[in-house]
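Student: Let's see this in three dimensions:
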Amino acid sequence: MIHLLKFGYTIKNIKFHPLLIACCICLSCSNSKSKQSGSNKYELKEVVGKDLSFRINDDTKFIFSSLFPYTDKSGKEYLTFLSHMKNLILFYDLQTGKYIFDVKLETEGPDGVGIAQGYHIEDLDNIYIASTLPGLTKVDTSGNKKQFIEYGQTNNGHYVVPNFTSSSYIYAPAIIHAGKIYITQLPYSGSKTSAIPVSVAIDTISQTFEELPFRFPPIIDDKELAGTVISIQFSREFNDKQLIYSFFMDNNIYVTDIETNEAKKIPAQSKYINDFQFLKFTDDREKVYKALLESSYYYNILYDKYRNIYYRFAIIGSEVTKKPEYSFFDIYANGFIQFSVIILDKDFNIIGETLFPKYTYNPSIAFVHKDGLYISDSHILNPTFDENKLSFKCFALKECL
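Tutor: Next up is the predicted model:
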């Protein structure tokens, strides 16, 4: 079994203690030489006056595994996120931070969707829910079930594995294109990795399942795969023409044309990652989380449609000392230690990489907006942390001086 250790964690009801270790808060271009020309040209700089803040109700626990911006037909902007504890999708005014409404998801009964894991909002009348049920459920904003698409067999006879979550923590939400829904897959125990499609297209009318040709790259041998942590996990993004994959243990990204299925392997290596450590899951989970905090690997990839660029996150491991107030899991689940963001142009050339300070921002809570890249500073070891507030800083692309 492949263990996916984290799909998010609540920041409510965690006792805050100020960070005792000082860290540099400025972001700057790296002076190290890059293998790719032009890779130091741009950096991400904080945009003053563009902060966002959302108050968290005292009686609500949030687990930020699924958080997405949404703009309705009238142009109103929302920040939406899933409350696992109450099976709700909450809608906040993105600009004012005020709570607007929520979508209550029934777990059982005629409108039951199971326990929601993630979602995709096509519009306010059509919201697709990925859950503990073996399929996708479509509901409206009243929570009324409109359709259930039960997973079946693909055109090549493989069963669709019910491990799709449509989450933002591991960023791979459902993609709707030309009447089809594109979901992701992971190998299951006993399967041959090279035989499993990375993505499957679902025809919502005929409820048939078509495998996309792209398969998992040879990151780790199948014999070594069982019991490993995040070894073949990946993030997937879409730019209206291409699917872009960022595997956590691969310096390359993979770009496939959604119409022709042509695939390209493109170098996109961080300056701060030299090698990978394949970790085994053990009964001592704190030991595993500590090892994860001290390991480096890639993370989510986000497409910025406003500037036609891409952000590939990289988790930068370093030695961690356990603090009495927090477990290693608390730190891992609420922002890691440090990360960088690799900036790629429209042709996937590296044009910059920004290293963010330790214990300050949470890369698992980020989204793209017309104003820039928003990254949450709700890290439990950030001195400004407030357990009743989810807050963001805005970063814009700037040319290095």
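Student: Do you have the strands of the stretch 201-350 of the chain handy? List them.
Tutor: 208-211, 228-229, 234-238, 242-247, 252-257, 263-267, 279-280, 297-304, 309-316, 338-344, 350-355 (DSSP state E, counting those that start in this stretch).
Student: What is the least confident helix or strand in this structure?
Tutor: helix 222-225 (a mean of 80; mean pLDDT, DSSP states H and E).
Student: in that helix, what's buried?
Tutor: Using 16 or more other C-beta atoms under 10 Å as the burial criterion, the residues of helix 222-225 that qualify are residue 225. In short, each C-beta sits where N, CA and C put it, glycine included.
Student: For the strands of the stretch 201-350 of the chain, give me a markdown table that also has mean neighbour count and distance to residue 154.
Tutor: Formatted as a markdown table, the entries for the strands of the stretch 201-350 of the chain read as follows, by neighbours: other C-beta atoms under 10 Å; distance: least, C-beta to C-beta, whole Å:
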| stretch | mean neighbour count | distance to residue 154 |
| --- | --- | --- |
| strand 208-211 | 18 | 5 |
| strand 228-229 | 20 | 25 |
| strand 234-238 | 22 | 18 |
| strand 242-247 | 23 | 17 |
| strand 252-257 | 19 | 17 |
| strand 263-267 | 14 | 18 |
| strand 279-280 | 16 | 31 |
| strand 297-304 | 22 | 25 |
| strand 309-316 | 23 | 29 |
| strand 338-344 | 25 | 31 |
| strand 350-355 | 24 | 35 |
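Student: Tabulate those (CSV), appending distance to residue 369.
Tutor: Output for these, formatted as CSV (distance: least, C-beta to C-beta, whole Å):
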stretch, distance to residue 369
strand 208-211, 33
strand 228-229, 32
strand 234-238, 16
strand 242-247, 19
strand 252-257, 23
strand 263-267, 26
strand 279-280, 34
strand 297-304, 9
strand 309-316, 12
strand 338-344, 15
strand 350-355, 17
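Student: Export the ones you listed as a markdown table, with columns for distance to residue 78 and mean pLDDT.
Tutor: Converted to a markdown table, these look like this (distance: least, C-beta to C-beta, whole Å; pLDDT from 0 to 100):
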| stretch | distance to residue 78 | mean pLDDT |
| --- | --- | --- |
| strand 208-211 | 31 | 96 |
| strand 228-229 | 34 | 84 |
| strand 234-238 | 20 | 97 |
| strand 242-247 | 25 | 98 |
| strand 252-257 | 30 | 98 |
| strand 263-267 | 33 | 97 |
| strand 279-280 | 37 | 84 |
| strand 297-304 | 18 | 98 |
| strand 309-316 | 22 | 98 |
| strand 338-344 | 24 | 98 |
| strand 350-355 | 28 | 98 |
